[in-house]
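Q: Pasting a predicted model and its sequence here:
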Amino acid sequence: MSSHILARRLACLSAWCLLAVVAMGQGFQQATAVVPPSVNISDVRIIQRLGSQLPGDVPFTDQDGHAVTFGSLLKGRPALVLAIFYECAGVCTLEMENLATTLSKIDDKLVGRDLSVIVIGINPKEKPDEAKARLEETLAGSKKLKATEAGWHFLTGSLDSIHKITNPLGFFYTYDPATDVINHPAGVMFVTPSGVVSSYILGAQYTTSGFRKAIDLASKSQIGVKSPDIFFGCIHVDPLTGKRSIVIQNVLKVAGVVTIVVLALTLLTLGGKTRFGKNKIGLEDEWDLPDE
């Protein structure tokens, strides 16, 4: 394994360990590790608004600089909708990588034929070239997905346009235009061909069975049941206080153990092929996404 790939994967794991914690008392199973005093966690969440109608006439600009409306991208197909900002190097990267990996494993559901992928850029200052760069990065690792590029739509738009989609989706985040600081949750939403919210998968880990079920429901214009309430996302670290919430300490300890285990596996892998009984242990296998 090349050193830069290994470094990137360890960086992703470190981000997960720092961000994933339990938020107690509000029904959340996971939350971000550092919550500065200026951020109200209740302002950063996903409210599952099953059956909500998304407006089709909201204007955006796609990754190629073309003027589009949200509804024009459905094209009689269900859609997977993801809200990120393109320069995000944290949870957004995990979401995009896991999204691409999961979709590449589903042979009977193809982007551009069975569904559209619509990514909403939530920073109104970002431009189509940043959206294009994120799209190319997302598809670069899979020839299969690269062939479906026409079904992927990475959008930029005004704050008004963004909120006209994210609000009925129930995707709530905070944005400070003076500093460009964004605090946001993570999760994907599935909508029917007519733009009705069908189901949610919260967090940044996805399975082929979960995606397949969600796509089937949306394609039949059916409404699913609520996903378990999980919070996972990016909260800006206060550079002055770096204050941590008391409720996260035990989970951070668990995250530290996970980090140590993975680092140990990494050292074993770098040292050569290691056998455990009759089976070889390799880091590549450890990073395959689970397939139910």
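A: Received the coordinates, thanks. Note that the structure is predicted; figures quoted are calculated from it, not measured. Residues are numbered from 1 along each chain as shown.
Q: Okay, Gly76 and Gly210: tell me how far apart.
A: Distance, Gly76 to Gly210, using CB to CB, to the nearest Å: 23 Å. Bear in mind the C-beta positions are built from the backbone N, C-alpha and C, glycine included.
Q: looking only at pLDDT, what's the mean for stretch 95-113?
A: Averaged over stretch 95-113, pLDDT sits at 95.
Q: Give me the contacts around that stretch.
A: Residues from elsewhere that reach stretch 95-113 (CB atoms under 8 Å, 6 or more residues apart in numbering): 12, 77, 80, 82, 84, 114-115, 117, 134, 137-139, 141-142, 144-145, 148-152, 186, 188, 204-208, 211-212, 215, 289, 291.
Q: Can I get the buried part of those residues as one ChimeraX selection?
A: In ChimeraX, this line selects whichever of the contacts of stretch 95-113 come out buried by 16 or more other CB atoms under 10 Å:
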select :12,77,80,82,84,114,115,117,134,138,139,144,145,148,151,152,186,188,204,205,206,207,208,211,212,215
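Q: ok, how many other residues are close to Leu159?
A: 14 (other CB atoms under 10 Å).
Q: All the strands of the stretch 51-200 of the chain, residue numbers only.
A: Along the stretch 51-200 of the chain, the stretches classed as strands by DSSP state E, counting those that start in this stretch are 59-61, 67-69, 79-84, 116-121, 152-155, 171-172, 174-176, 181-185, 187-191, 197-202.
Q: what's the first one in contact with?
A: Right, the one you point to is strand 59-61. By CB under 8 Å, 6+ apart, strand 59-61 touches 67-70, 120, 128, 155-157, 161.
Q: rerun at 6 Å
A: 68-69, 128, 155-157, 161 (CB atoms under 6 Å, 6 or more residues apart in numbering).
Q: and it, which residues are buried?
A: Per 16+ other CB under 10 Å, strand 59-61 contains these buried residues: 60-61.
Q: what do you get for the second one?
A: Using 16+ other CB under 10 Å as the burial criterion, the residues of strand 67-69 that qualify are Val68.
Q: So what are the sheet partners of that strand and their directions?
A: strand 59-61 (antiparallel) (DSSP bridges).
Q: which regions of the stretch 101-250 of the chain sit below the pLDDT cut-off?
A: Low-confidence segments of the stretch 101-250 of the chain (pLDDT under 70): 230-250.
Q: Please report how far Ala147 lies from Ser72.
A: Distance from Ala147 to Ser72, by CB to CB: 22 Å.
Q: swap that for Val197, sorry
A: In terms of CB to CB, Val197 sits 18 Å off from Ser72.
Q: Which one of these two is surrounded by more residues?
A: Val197 (23 against 14).
Q: still on that earlier bit, comparing Gly76 and Gly210, which residue is more hemmed in?
A: Counted by other CB under 10 Å, Gly76 and Gly210 do not tie: Gly210 has more neighbours, with 16 against 8.
Q: Spit out the contact partners of that one.
A: Taking CB under 6 Å, 6+ apart as the test, what Gly210 contacts is Ile201.
Q: Tell me which helix or strand it sits in.
A: Assigned by DSSP states H and E, Gly210 belongs to helix 208-219.
Q: on that earlier part again, so which of the contacts of strand 59-61 comes closest to Asp180?
A: Nearest to Asp180 out of those is Thr156 (CB to CB; 14.2 Å).
Q: where's that closest one relative to Arg134, distance?
A: 11 Å.
Q: do Leu54 as well
A: From Leu54 to Arg134 the distance is 22 Å (CB to CB).
Q: With Phe60 instead?
A: Counting by CB to CB, the gap from Phe60 to Arg134 is 15 Å.
Q: go on, Ser194?
A: In terms of CB to CB, Ser194 sits 28 Å off from Arg134.
Q: Lys143 too?
A: Taking CB to CB, one finds Lys143 at 19 Å from Arg134.
Q: what do you get for Phe172?
A: 22 Å.
Q: What ranges does this protein have for its helices?
A: 3-19, 91-104, 128-139, 143-146, 159-169, 208-219, 249-271, 283-286 (DSSP state H).
Q: Can I get the third one in PDB, CA atoms only?
A: Just to be clear, that refers to helix 128-139. The C-alpha coordinates for helix 128-139 follow below in PDB (Å, rounded to 0.1, in the frame of the first residue of the first chain):
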ATOM      1  CA  PRO A 128     -19.100  25.600  -9.900                       C
ATOM      2  CA  ASP A 129     -15.300  24.900 -10.200                       C
ATOM      3  CA  GLU A 130     -15.200  23.800  -6.500                       C
ATOM      4  CA  ALA A 131     -18.300  21.600  -7.100                       C
ATOM      5  CA  LYS A 132     -16.700  20.200 -10.300                       C
ATOM      6  CA  ALA A 133     -13.500  19.400  -8.400                       C
ATOM      7  CA  ARG A 134     -15.400  17.500  -5.700                       C
ATOM      8  CA  LEU A 135     -17.400  15.600  -8.200                       C
ATOM      9  CA  GLU A 136     -14.200  14.500 -10.100                       C
ATOM     10  CA  GLU A 137     -12.600  13.500  -6.800                       C
ATOM     11  CA  THR A 138     -15.600  11.400  -5.900                       C
ATOM     12  CA  LEU A 139     -15.800   9.500  -9.100                       C
END
